[in-house]
Structures are given as structure tokens and as C-alpha cells.
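J.: what would the 3D arrangement of this be:
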Amino acid sequence: MDNWLEALPKADLHLHLDGCVKPATLLALAEARNYPLPAGRPEDLLPYMQVEDDCDSLKTYLDKFSFVLPLLQDAEALIRIAEEAVEQAAASNCLYIEARFAPALHTNGDLTVDGAIEAAIEGLRRGEAAFGVVARLIVICMRHHDEATNLSVIRAAVARHGRGVVAVDLAGDEASHPAERFRGTFAVAREAGIPITIHAGEAAGPFNVREAIASLGAIRIGHGVRLREDPELLALVRERQIPLELCPTSNIQTKAISAWDDYPIRSYYDAGLYLTVNTDNPTVSGTNMTRECEALATRFGFSRSELAGLMRGALQAAFAEPPVKEALLRRFDEQVGRLLTDETRED
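T.: Numbering: from 1, shown residues only. The predicted model follows:
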């Protein structure tokens with residue numbers, strides 16, 4: 001792998017906590033809780049946690065999460081996986097991450113929605129202190145949950161906005177639960193002034209992207225790869241410079257796009273869309289930020305300056321507090337400047 005790609009400072013804006021659990025960590029959590037697992041070695045657990053190349057849909061992809069969720073039902077577990085998410089991001093030289101999770105999925109034990117959010121924030125804070133990666137939390141509502149549950153999630157997130165939480169999101173089975181069903185839920189978020197990003201245009205068509213922007217108040221779009229199916233909407237997204245949180249490896253695995261040859265990232269980039277590149281679920285997808293950058297370079301011919309521009313753009317699109325964002329951009333520019341200087345010396 002190109003050392004330059006490893007050294008490039010990065011930002012990951014679309015990263016699910018329950019999608020980056022390490023097999024060794026799952027084993028440790030299971031042993032401490034006397035929970036039976038089908039294998040006793042990390043390498044033997046991986047097939048239960050990571051998709052194969054023949055993954056046929058988003059629904060199949062999401063099934064991997066049901067394997068780890070039973071062990072993520074207490075504060076200790078959430079703190080640990082959140083801290084380790086930051087550690088893994090640091091290994092790819094990420095300066096900043098926005099980790100996201102659905103707290104209502106972690107309330108099958110003693111945790112409440114509020115307690116789950118507090119645990120995730122604590123883990124991210126510990127990770128930030130230990131590994132130097134600035135880490136913030138996006139709180140997810142699930143499409144299959146009822147309105148009362150999702151409203152409790154929104155209110156808990158709003159209460160912690162600016163104290164670790166930076167935005168709210170909607171995720172889950174997009175094809176079965178279109179975005180229009182959640183207008184009332186996200187009206188509460190808009191009224192409270194918390195930023196909104198919505199999973200849309202992944203497992204269902206661009207109509208969900210339109211709905212997310214026009215009715216739910218999304219100012220970023222999770223995935224959005226199917227935007228090209230609606231040229232008028234694509235033009236609108238380009239005109240407003242609404243960032244797309246693309247996750248190339250995941251988008252191929254979920255069959256949002258059928259194959260790498262058809263992946264629209266180069267055409268979107270050349271058309272002037274605002275793109276960010278992210279991991280989505282490092283363990284489930286078997287990826288990290290350096291590998292995502294490598295895929296762009298080798299498969300789509302992205303140059304080093306284009307990749308650096310994508311990463312800087314991600315920092316600009318971040319939901320972080322303005323002073324934090326300004327400091328991150330300074331760090332980014334300093335690191336890239338050193339990289340370019342070293343490259344010139346080598347030449």
C-alpha cells in the first residue's frame with residue numbers, strides 16, 4: 001500500500017459503532033458475560049461478523065449486526081467499542097471521526113436511551129484522549145422503530161447537542177420504510193436546531209434523498225449513490241453543495257451499486273458534487289479509511305491532490321463545533337504541507 005495514502009490525514013464522517021467491533025473484543029465481552037459464541041478464536045468469529053463477496057443486499061448486510069448486538073447492552077461494552085473505534089481510526093491517520101449508533105438498540109439490558117448515549121460519548125472521549133483523534137457522536141433513529149421510540153431518541157440527542165452529540169440520523173431498512181414516514185419525528189429535531197443527516201439513496205431510489213432534504217431537513221446525505229437516477233435532483237444537490245457520505249466498499253457489498261465498474265464516484269466528482277468518502281462499517285466490510293482511499297486511487301484514478309481535497313472537504317462538512325473544525329483544518333493543512341514538501345524532496 002502507498003505510504004503516502006497511509007500518511008494522508010483523513011476524516012471519517014460515516015462510521016457505525018456496531019459495525020466496527022473487533023472479533024477479539026467480542027470474545028472478551030462474551031467471556032465476561034458468560035455468553036455463548038459459535039467460535040473461540042477471533043479469526044473463527046470473523047465469518048459471523050464480516051460479509052462475503054457474495055452479499056446480495058442491504059438486508060443481508062444488516063444481518064451481521066444482530067450477531068454483535070446482544071453483547072452491546074451495557075455501558076462497559078459501549079464505552080469499550082467506542083474507544084476502540086477511535087483507536088482504529090487513528091491507525092489510518094484520521095484526525096476526526098463522527099461515530100454513529102442507534103441507542104434504542106442497546107436497551108435490552110439495564111441501559112436507557114440516555115444511558116446508552118452517555119456511554120458512547122464517554123468511550124469516544126476516552127479514545128480522543130488516548131489516541132488524539134477528535135471524535136463526535138451522531139445519534140440514529142431506526143426506520144423499524146415506532147414514533148414514540150424515535151422521538152425519545154431525538155430528545156435525548158438534543159439534550160446532549162454540543163456535549164459530544166453533533167447530529168441525528170435515520171437508518172435501517174430503507175426499502176421497506178421510506179423517509180416520508182418520519183416527517184414528524186425529524187420536525188422535532190429541526191425545531192431544536194440539531195443538524196440532520198439521513199441514510200437515503202442506498203437501498204431505495206432518489207425519492208428518499210429528495211424527501212430527506214425537502215421534508216426531513218437533511219443537510220448531509222448518508223450514501224446517496226442512486227442520486228444519478230434523478231438528474232434534476234442531482235442538479236439540486238450539486239447546486240446546494242449538500243455533502244454525500246459515500247462508503248464505496250459498503251455500497252458495493254450492499255448492492256446499492258452492482259459492481260465497482262458502475263460505481264459513480266468519479267462521475268459525481270467530475271460533475272461537481274460535494275463528496276466525502278467513509279468506511280461505514282470497518283469490521284463488517286473489512287475496510288478502513290486508508291483502504292477506501294486506495295480504492296479511489298487504483299480503481300478510479302484519483303490523484304493525491306484530489307484525495308487530499310476530499311479529506312479536507314470532509315472536515316469542512318463535519319458537524320464539529322466551529323473552533324474545533326478550524327483547529328482540525330489547520331492540523332490538516334500542516335500535515336498535508338509536510339507531505340507535499342517531503343514528496344518534493346524525494347523527487
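
J.: wait, isn't Arg163 in contact with Glu122?
T.: No. The criterion here is Cβ atoms under 8 Å, and Arg163 misses it with Glu122 at 11.4 Å. In short, each C-beta sits where N, CA and C put it, glycine included.

J.: then the worst-scoring helix or strand of the chain on mean pLDDT to PDB, C-alphas only?
T.: Taking mean pLDDT, DSSP states H and E as the measure, helix 58-68 is the helix or strand of the chain with the lowest mean score, a mean of 86. Only the C-alpha atoms of helix 58-68 are listed here, as PDB (Å, rounded to 0.1, in the frame of the first residue of the first chain):
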ATOM      1  CA  LEU A  58     -28.500  -4.300   2.400                       C
ATOM      2  CA  LYS A  59     -30.800  -6.600   4.400                       C
ATOM      3  CA  THR A  60     -28.300  -9.400   4.300                       C
ATOM      4  CA  TYR A  61     -25.600  -6.900   5.200                       C
ATOM      5  CA  LEU A  62     -27.600  -5.700   8.200                       C
ATOM      6  CA  ASP A  63     -28.000  -9.200   9.500                       C
ATOM      7  CA  LYS A  64     -24.300  -9.100  10.700                       C
ATOM      8  CA  PHE A  65     -25.300  -6.600  13.300                       C
ATOM      9  CA  SER A  66     -27.700  -8.900  15.000                       C
ATOM     10  CA  PHE A  67     -24.700 -11.100  15.900                       C
ATOM     11  CA  VAL A  68     -22.900  -8.500  17.900                       C
END
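
J.: which secondary structure elements does that helix contact?
T.: Packing contacts for helix 58-68, counted by 3 or more Cβ pairs under 8 Å, 6 or more residues apart in numbering; DSSP states H and E, involve helix 42-49, helix 282-285.

J.: quick check: beta-bridge partners of His16?
T.: Residues in a beta bridge with His16, per DSSP bridges, are Arg100.

J.: would you check that it makes contact with Phe101?
T.: Yes. Using Cβ under 8 Å, His16 is in contact with Phe101, at 6.5 Å.

J.: what about the strands in the protein?
T.: Per DSSP state E, the chain carries strands over the ranges 10-16, 94-101, 134-142, 165-171, 197-200, 220-223, 244-246, 275-277.

J.: helices or strands up against the fifth one?
T.: What that stands for is strand 197-200. strand 165-171, helix 207-214, strand 220-223.

J.: now do the third one
T.: Here strand 134-142 touches helix 75-91, strand 94-101, helix 113-131, helix 147-159, strand 165-171, going by 3+ Cβ pairs under 8 Å, 6+ apart.

J.: ok, now the last one?
T.: When contacts are defined as 3+ Cβ pairs under 8 Å, 6+ apart, strand 275-277 sits against strand 10-16, strand 244-246, helix 265-270, helix 289-300, helix 304-317.

J.: the last one to strand 10-16, inter-axis angle?
T.: Read it as helix 304-317. Orientation check (axes from the mean of the first three to the mean of the last three Cα atoms, to 10 degrees): helix 304-317 against strand 10-16 gives 60 degrees.

J.: how about helix 304-317: buried residues?
T.: Neighbour counts over helix 304-317 (16 or more other Cβ atoms under 10 Å) mark 304, 307-308, 310-315, 317 as buried.

J.: need the pLDDT of Ser57.
T.: pLDDT recorded at Ser57 is 76.

J.: isn't it up against Thr254?
T.: Yes. Using Cβ under 8 Å, Ser57 is in contact with Thr254, at 6.6 Å.

J.: between the two, which contacts overlap?
T.: Ala203 (Cβ atoms under 8 Å, 6 or more residues apart in numbering).

J.: between these two, tell me which one has more neighbours.
T.: Thr254 (26 against 15; other Cβ atoms under 10 Å).

J.: so what's Leu105 up against?
T.: Counted by Cβ under 8 Å, 6+ apart, Leu105 has contacts 18, 69, 72, 142.

J.: nearest to Ala85 among the residues you listed?
T.: Asp18 (9.8 Å; Cβ to Cβ).

J.: turn the helices and strands packed on strand 197-200 into JSON lines, including mean pLDDT and mean neighbour count.
T.: Output for the helices and strands packed on strand 197-200, formatted as JSON lines (pLDDT from 0 to 100; neighbours: other Cβ atoms under 10 Å):
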{"stretch": "strand 165-171", "mean pLDDT": "98", "mean neighbour count": "25"}
{"stretch": "helix 207-214", "mean pLDDT": "95", "mean neighbour count": "22"}
{"stretch": "strand 220-223", "mean pLDDT": "97", "mean neighbour count": "27"}
